[in-house]
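*Asks:* Below is the sequence, then the predicted model.
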Amino acid sequence: MTDQTAAAPRALKAERYATLRRLLGTPTGAIASLVVAAFVIAALAAPWVAPYDPNAIDPINRMQGPSAAHWLGTDQLGRDLLSRIVFGTRTALYIALTGTGAALGVGMAMGMIAGLGGKILDSALVLLNDSIKSLPLVLFALALVTIYGASVPALIVIIAISMAPGYFRVVRNQVLVLNNADFIVAAQSMGASRIRLAATHMLPNLIGPILVLIAMDIPAVIGIESGLSFLGQGIQPPQSSWGNMLSEGYTYVRQAPHIAIAAGLPIVLSTIAFTFLGETLRDALDPRRAVRT
């Protein structure tokens, strides 16, 4: 019994290393992981990575193209675009991770309740989440921003409400499948409570699908934040945001097209990187799928 207990952590550790090798063993996974890591490092170390103060105005050098002093050029106020993009990365990832985390918490709680509860409760939660999912996202977001004002908490609430039904569906479906698994039936026969079943037996089996869904959802969240900021209903200047930078670049696209290009580039790169990371992670967590592909 002792040998089996000691072997379990080693087997789990070996499986984690195997998953990491499968993730980084493909060019797509390795490149996507490097790009995502670069964004995370830039966000965490923004004050040290950015060459200038992102809000420092220099009217003499306004709308200058890329140069040795300003690698991506300057905007209409002479602010360094690279520095603003670096700090915009911090804003984008903070909102993406916070909003996605809130959506995950709400969706997972409702999914567990629906999967382990009775049919009436399950039907009510399915109806609620389907109703939320059917709302037009842009109109819903604009309505909430109009009521509560443009702010970071409002953005997080919008993201949490709009993304929670996706996590609810995944968790509920997985719980309904696991309800008939042998180890769940055995735990129930031994008197395990529903809370214990959810936390100890079901949650570890949900980590893989949830990680893939998070990686897939982060680009969508970045798009929501950037879109609202572009419309002037998200992050407000002078705080750096890819969306409001893109809006400013659009205004001056004829005089200084490099502003819009510099602001749009991280949105495109982050979307591609997180999407490819999610797809590769899905394959890495399912070796049979990786072999088939």
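*Replies:* That came in fine, so what should we check first?
*Asks:* ok, and the closest non-adjacent residue to residue 20?
*Replies:* Nearest residue to residue 20, sequence neighbours excluded (CB to CB, 6 or more residues apart in numbering): residue 284, at 7.7 Å. Quick note: C-beta positions are derived from backbone N, CA and C, even for glycine.
*Asks:* Isn't the one you found up against residue 32?
*Replies:* No - Residue 284 lies out of contact with residue 32 (CB atoms under 8 Å); the separation is 11.4 Å.
*Asks:* what's the average pLDDT for the lengthiest helix in the chain?
*Replies:* Using DSSP state H, we find that the single longest helix of the chain is helix 81-116. When pLDDT is averaged along helix 81-116, the result is 92.
*Asks:* residue boundaries of the helices in this protein?
*Replies:* 2-24, 27-44, 46-49, 81-116, 119-134, 137-148, 152-178, 182-189, 194-196, 203-230, 242-251, 257-285, 287-292.
*Asks:* can you put those in CSV and add distance to residue 63 and mean neighbour count?
*Replies:* Shown next, in CSV, are the helices of the chain (distance: least, CB to CB, whole Å; neighbours: other CB atoms under 10 Å):
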stretch, distance to residue 63, mean neighbour count
helix 2-24, 41, 11
helix 27-44, 24, 16
helix 46-49, 24, 14
helix 81-116, 10, 22
helix 119-134, 43, 13
helix 137-148, 30, 14
helix 152-178, 29, 21
helix 182-189, 63, 12
helix 194-196, 60, 13
helix 203-230, 19, 20
helix 242-251, 10, 22
helix 257-285, 7, 19
helix 287-292, 48, 11
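*Asks:* weakest of the ones you listed by average pLDDT?
*Replies:* helix 287-292 - the lowest mean pLDDT of the helices of the chain, at a mean of 50.
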